[in-house]
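J.: Got a predicted model here, sequence first, then my questions.
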Amino acid sequence: MRIPASTYRIQFNAAFNFDSAKAVIAYLKELGVSDLYASPIFKAREGSTHGYDVVDPNQVNPELGSSEAFAGLIQEIQKYDLGWLQDIVPNHMAFDSQNQMLMDVLENGATSEYIDYFDIAWNQPFEEIKGRILAPILGDYYAQCLENGDLQLSYDQTGLKVKYHSLTLPIRIESYLSFLTENLDKLEQTLGYQHPDYIKFLGLLYILKNIPPQTQPQDRRNQGLFAKRLFWELYEQIPEIQSFVQANLKVFNGEVDKPESFNLLEKLLAEQYYRLAFWKVSAEEINYRRFFTVNELISVKVELEPICQATHKLIIDLVKSGTFTGLRIDHIDGLANPTQYLEWLREKTGETYITVEKILEPEEELPHVWPIQGTSGYDFLNQVNGVFCQSENENKLSEVYQQFTQLQESYETLSLEKKRLIIETNMAGDVDNLAHLLKRIASQSRQGNDFTLNGLKKALIEALSRFPVYRTYITAQEVSDPDKTYVKDVIAASKVGNPLVVRELEFIENLLLLDFLPYLTEEQTQQRFYFVTRLQQLTGPLMAKGIEDTLLYVYNRFVALNEVGGNPSRFGVSAQEFHAINQHQSQRWLHKMNTTSTHDTKRGEDVRSRLNVLSEIPDEWEQQAQAWQQMNRGKKAEVNGKLIPDSNDEYFLYQTLVGACPFDTGGLPDSLEEFTNRVKEYIIKAVREAKVHTEWLRPDGEYEESYLAFVEAILDPGYEFLKTFGPFKQKIAYYGIFNSLSQVLLKVASPGVPDFYQGTELWDLSLVDPDNRRPVDFQQRRGFLEEIQQRAKTDILSLVEELLEHKEDGRIKLFLIAQCLKARREYLSIFQDGDYQPLEVRGKFNDCAIAFARQSDQGTAIAIAPRFFTHLIQPAESPLGELWQDTAIQLPENLAGTWTNTITHQSLPATTTLSLSQALQHFPVALLVQPHS
């Protein structure tokens, strides 16, 4: 197995394609990266900016370049001996007209060869979609779209289609007859009933009238294809038939302002295997499983092996050919049986490096039975971020937040509230479907015969909203001990929360613990397993939408902790906790990924590093925030007696500004206009995600416009706010630089594979996507690296001194990454396989540094990462040398000897103690190595 020494994440799109990536491979090699980590490269919806909306998993995305360009990138990667870690998307595909497999299902229904590919519940209790799939793709109510002429019937060589802007959906073959017989007498008058061309047309109608039933799928399919080909030949060759078809299209497409003229089209659409609907309908009525609540992403049933094989052909081929040396599995929790899938994938790919995108709650364990190397690193992100949050100041920052916003609700209370909000709005249809399934199961036994649909739904809502983890992994074979505990705890808490449905909750508990009645039929047993699977596939999206995409935009006590996979109620991570986590990783998941920024993160890694400084100075932050609140009160709009933005959104904004405002020499960004626009785009997304005053389903234009006006007003260069904001931001940014450098070191030296998101080798002050997907200036980075490498060969201490003097340009971060990755390559066994040993820090500033050793047969490495810099230095000072006073690391006797600082190339003798004054004499962090002879 090729274990990456380090990975570098690239976001492919039409603007950054295979040729673009090929041009930076040499730079990545020089930087010290061992493996390219690529966003999905398979054919996606046209214009996709991220690649997760796949339309064909067995074709490389043509928007990323030709087959020659793809081959050229492969050749370049192999030339420089890099690996290729590929992000794959087994859970879902795009609900789009470019998805030919899905279009085949929409055209042919149960006779489609792809009928089992997509997770669709065809037999829903709602009559209007029974036997049909909901297609919530309309931007307005169905009647409005129809009568405004937005839905148009069209015809070409591929057949009849209904068009809605850029989307086209097929028409089932049975509907051709009603279309072609409309106004048939006119064609007869034109050609004459004995004309050979008219007789040919009647032959087409006869074929259509006698399409075999669905019980003969192959015959039906063949005859339908024959009819469509014949129709096209007649259309192309006979002008009178072409004119007749065009006239009928005009009739079916109606006339705006004449509602009755759309009756024919409405009748034809009612015959289809899909029901067109306003996109908002999906919140309450949905009969296919989606990725979270995204209508445009329909889930795939990879639990069925033929489908898994069919959708993974190209992936497996590229692994076997050596192109892909590793795989990262997107949204593993969406699958029906993740364990089964991973075992299948391992069997097909052999000794391939595999990680999964998995959100782990604090204290939650990754299932040990999974045959993988670990997670893609969100857990590490939150652990390392917590190290720089000063836990001792939690109460003070809570007090500051409560006084500023007048909000008192606890994180736990809000968590329950927001998950219920999502259940009631965005996922009401999903929960309703599950409740109907539960009702059918309950009615099969005397124990559940008297349970009402309403009571079962209440019990489900209570239980779903209380799940503490993304999902359990219960299968027909077993319920693991952790999963038993989660289920029992959830049901116990739910009984307290709603004692009126205790019996219903106990019924659900028995189902989840596979405590089935002995006399069930095989069909009834399978139905129960299906319920368990469905519930487990629902808890993850509910957690993601309720917490990540709602609560983390509402609970704004300290937004540095509001991150994917994070728990903001857990205020910081102690050194002891961090060591314990790393020790566990070194013993169980030694080769997992460690990341600090991804395409999904709410804030860039250096934004969080900056904001963590506020946890060290709560009194100063309180004074500053209150002053701004008072100062800017007059810039708020008043609507119906309420000020906009409200105090919670205002508090969120100030933290955002402090964290994301770019570096410069005067405290304010060089391009204030560009920064203002970025903030405006971000706060609209944030306030809609919060779902308090406005939301995606029901935007409140008045609140949003007033909030935008507030942002513009306070960021006006002539207004007094910036005069006080600039110096404070500059101070926080200064300390944040050192946090960022320590974070880099901890990522590289901790057990696991360090992952770098594109562009983050310089300061990453991005906000949530799409802000974090802006183009990266690789030419600038390449130039910086070349200069750094040249100067490091001649006078590295002079270089370090200059980098410290010009920290704001980011070269110091690039230098540190390059030096650390160089050391990691040179002493790969130490970092890739070495054990982990916490080192005790003693002396005056013992809490201001984290130190540990990694040791293997190759030698030993020691990482020293300072933190809490406001306790160490004043602004403009550097945390170097004698200021550390008596602070030192206690070394075990076997670690005495001479060390080499891989960052500055200095030698450092040590006995049983290692002085931080010496170790950090020239650079703010240290990575020391002592090779074994």
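T.: Right, received. Where do you want to start?
J.: Geometrically speaking, which residue is the centre of the protein?
T.: residue 600 (4.5 Å; Cα atoms, centre = their mean).
J.: Setting aside sequence neighbours, what's the nearest residue to that residue?
T.: Distances taken as Cβ to Cβ, 6 or more residues apart in numbering put residue 564 closest to residue 600, at 5.3 Å, once the chain neighbours are dropped. Every C-beta, even on glycine, is put in place using the N, C-alpha and C of the backbone.
J.: Would you mark the buried spots in stretch 2-18?
T.: Buried residues in stretch 2-18, counted by 16 or more other Cβ atoms under 10 Å: 3-13, 16-18.
J.: Quick check: chain neighbours aside, which residue is closest to residue 916?
T.: In space, residue 916 is closest to residue 884, 4.0 Å off (Cβ to Cβ, 6+ apart).
J.: ok so, going back, before we move on, what's the pLDDT of the residue nearest to residue 600?
T.: Listed pLDDT for residue 564 reads 94.
J.: Next, find the distance separating it from residue 598.
T.: Between residue 564 and residue 598 the computed distance is 8 Å (Cβ to Cβ, to the nearest Å).
J.: what touches both of the two?
T.: Shared contacts of residue 564 and residue 598 (Cβ atoms under 8 Å, 6 or more residues apart in numbering): 378, 381.
J.: Low-confidence regions, the stretch 551-700 of the chain specifically.
T.: 665-666 (pLDDT under 70).
J.: just the helices in it please.
T.: Ranges of helices in the stretch 551-700 of the chain, per DSSP state H, counting those that start in this stretch, are 575-588, 605-611, 618-632, 647-660, 672-690.
J.: Keeping just the C-alphas, turn the third one into PDB.
T.: Pointing back at helix 618-632 there. The C-alpha coordinates for helix 618-632 follow below in PDB (Å, rounded to 0.1, in the frame of the first residue of the first chain):
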ATOM      1  CA  PRO A 618     -12.100  38.200  26.600                       C
ATOM      2  CA  ASP A 619     -12.100  41.500  28.500                       C
ATOM      3  CA  GLU A 620     -10.600  43.400  25.700                       C
ATOM      4  CA  TRP A 621     -12.900  41.700  23.200                       C
ATOM      5  CA  GLU A 622     -15.900  42.600  25.300                       C
ATOM      6  CA  GLN A 623     -14.900  46.300  25.400                       C
ATOM      7  CA  GLN A 624     -14.300  46.400  21.700                       C
ATOM      8  CA  ALA A 625     -17.500  44.600  20.700                       C
ATOM      9  CA  GLN A 626     -19.600  46.700  23.000                       C
ATOM     10  CA  ALA A 627     -18.000  49.900  21.700                       C
ATOM     11  CA  TRP A 628     -18.800  48.800  18.100                       C
ATOM     12  CA  GLN A 629     -22.400  48.000  19.000                       C
ATOM     13  CA  GLN A 630     -22.900  51.400  20.500                       C
ATOM     14  CA  MET A 631     -21.100  53.100  17.600                       C
ATOM     15  CA  ASN A 632     -23.000  51.400  14.900                       C
END
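J.: That helix packs against which elements?
T.: helix 394-405, helix 647-660, helix 701-714, helix 721-749 (3 or more Cβ pairs under 8 Å, 6 or more residues apart in numbering; DSSP states H and E).
J.: got it, and the fourth one?
T.: Contact partners of helix 647-660 among helices and strands, from 3+ Cβ pairs under 8 Å, 6+ apart: helix 394-405, helix 605-611, helix 618-632, helix 672-690, helix 701-714, helix 721-749.
J.: Name the helix or strand for the residue located most distally from the centre of the chain, please.
T.: Ranking residues of the chain by C-alpha distance from their mean position (Cα atoms, centre = their mean) puts residue 194 at the top, at 63.8 Å. Secondary-structure assignment from DSSP states H and E places residue 194 in no helical or strand segment.
J.: Distance check, it against residue 84.
T.: For residue 194 relative to residue 84 (Cβ to Cβ), the value is 67 Å.
J.: try residue 803
T.: Applying Cβ to Cβ to residue 803 and residue 84 gives a distance of 32 Å.
J.: Convert stretch 118-137 to PDB, retaining C-alpha atoms only.
T.: The C-alpha trace of stretch 118-137 is given here as PDB (Å, rounded to 0.1, in the frame of the first residue of the first chain):
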ATOM      1  CA  PHE A 118     -31.900   5.100  -7.800                       C
ATOM      2  CA  ASP A 119     -33.300   5.200  -4.300                       C
ATOM      3  CA  ILE A 120     -36.900   5.900  -5.200                       C
ATOM      4  CA  ALA A 121     -40.100   4.900  -3.300                       C
ATOM      5  CA  TRP A 122     -42.600   4.400  -6.100                       C
ATOM      6  CA  ASN A 123     -45.500   3.300  -3.900                       C
ATOM      7  CA  GLN A 124     -46.000   6.300  -1.700                       C
ATOM      8  CA  PRO A 125     -49.400   6.900   0.000                       C
ATOM      9  CA  PHE A 126     -49.900  10.200  -1.800                       C
ATOM     10  CA  GLU A 127     -52.000   9.500  -4.900                       C
ATOM     11  CA  GLU A 128     -50.500  12.300  -6.900                       C
ATOM     12  CA  ILE A 129     -47.100  10.600  -6.900                       C
ATOM     13  CA  LYS A 130     -48.000   7.000  -6.600                       C
ATOM     14  CA  GLY A 131     -46.000   5.100  -9.300                       C
ATOM     15  CA  ARG A 132     -44.300   8.400 -10.200                       C
ATOM     16  CA  ILE A 133     -41.200  10.200  -9.000                       C
ATOM     17  CA  LEU A 134     -41.500  13.700  -7.700                       C
ATOM     18  CA  ALA A 135     -39.400  16.100  -9.900                       C
ATOM     19  CA  PRO A 136     -39.100  19.200  -7.800                       C
ATOM     20  CA  ILE A 137     -37.200  21.300 -10.400                       C
END
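J.: Quick check: which element contains residue 716?
T.: Using DSSP H and E, no helix or strand contains residue 716.
J.: Name the strands paired with the least confident helix or strand in the chain by mean pLDDT and say parallel or antiparallel.
T.: For the chain, counting by mean pLDDT, DSSP states H and E, strand 907-910 ranks last in confidence among helices and strands (a mean of 92). Strand pairing for strand 907-910, determined by DSSP bridges: strand 897-901 (antiparallel).
J.: What residues sit buried inside the strand it pairs with?
T.: By 16+ other Cβ under 10 Å, the buried positions in strand 897-901 come out as 899-901.
J.: Give me the contact list for the least confident helix or strand of the chain.
T.: If you take Cβ under 8 Å, 6+ apart as the criterion, strand 907-910 is touched by 891, 895-901, 914, 918-919, 928.
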